[in-house]
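Q: Here is a sequence together with a model predicted from it:
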Amino acid sequence: MERHPDIMEMRARYERATTTPRAQAIQALGLITGLYLALSAWIAGFSGLTGLAICNLVTGIAFALLMAGFGSAYERTHGMAWAAALIGLWTIIAPWVMAGHVNTTRSIISNVIVGAVALLLGLAAAAMAGRERRTGARSGRLGSMRHRTAEPGTRV
């Protein structure tokens, strides 16, 4: 099964998808965004708001790991791109949703900006995964037709 032509073609397609400059830019920006989100409470100066600081730390690490996964194991992680977009959306609304008084100007500005960037990067990764799925479905049908017509004496 490991040597099946369709599986080998799918792996090659995913390999091509992750080596494009666009995919590499999305991954690099995603890693930077996730690291900033994880450290934002200490960088922007609202580390005293422990609930939001811990929330940003956890979601930042999760976002960075998701974006790193897209580059290293795209064939197994591309379906999780929507989770990255949801992390971005959560980051935007977190200062108002978290318990306690955590909606200071610093925390709101930091979270809204980094959340918007994370949301856009997540949507870009999801769009790239969707485009690869559509391209793969078309090439898979063509590949199946090639296999059928390549056999001598077979009627299509």
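A: That came through, no problem.
Q: quick one: residue 61 and residue 120, what's the gap?
A: 20 Å (CB to CB, to the nearest Å). Backbone N, C-alpha and C define where each C-beta goes, glycine included.
Q: Quick check: which element contains the nearest residue in space to residue 126 that is not next to it in sequence?
A: The shortest distance from residue 126 to any non-neighbouring residue, by CB to CB, 6 or more residues apart in numbering, is to residue 81 (3.7 Å). Using DSSP states H and E, residue 81 sits in helix 81-97.
Q: Which residues outside that helix are in contact with it?
A: Outside helix 81-97, the residues that touch it by CB atoms under 8 Å, 6 or more residues apart in numbering are 30, 37, 52, 55-56, 59, 62-63, 66-67, 70, 102-104, 107-108, 111-112, 114-123, 125-126, 128-129.
Q: of those, buried ones?
A: Among the contacts of helix 81-97, those scoring as buried are 30, 37, 52, 55-56, 59, 62-63, 66-67, 70, 102, 104, 107-108, 111, 114-115, 117-119, 121-122, 125-126, 128-129 (criterion: 16 or more other CB atoms under 10 Å).
Q: how about the helices in the chain?
A: Listed in chain order, the helices of the chain (DSSP state H) span 5-18, 21-43, 50-72, 74-77, 81-97, 105-150.
Q: What is the burial count for the residue lying closest to residue 61 once chain neighbours are set aside?
A: Nearest residue to residue 61, sequence neighbours excluded (CB to CB, 6+ apart): residue 38, at 5.2 Å. Residue 38 is flanked by 20 other residues according to other CB atoms under 10 Å.
Q: isn't residue 38 right next to residue 57, touching?
A: Yes: Residue 38 is in contact with residue 57 according to CB atoms under 8 Å; the separation is 5.1 Å.
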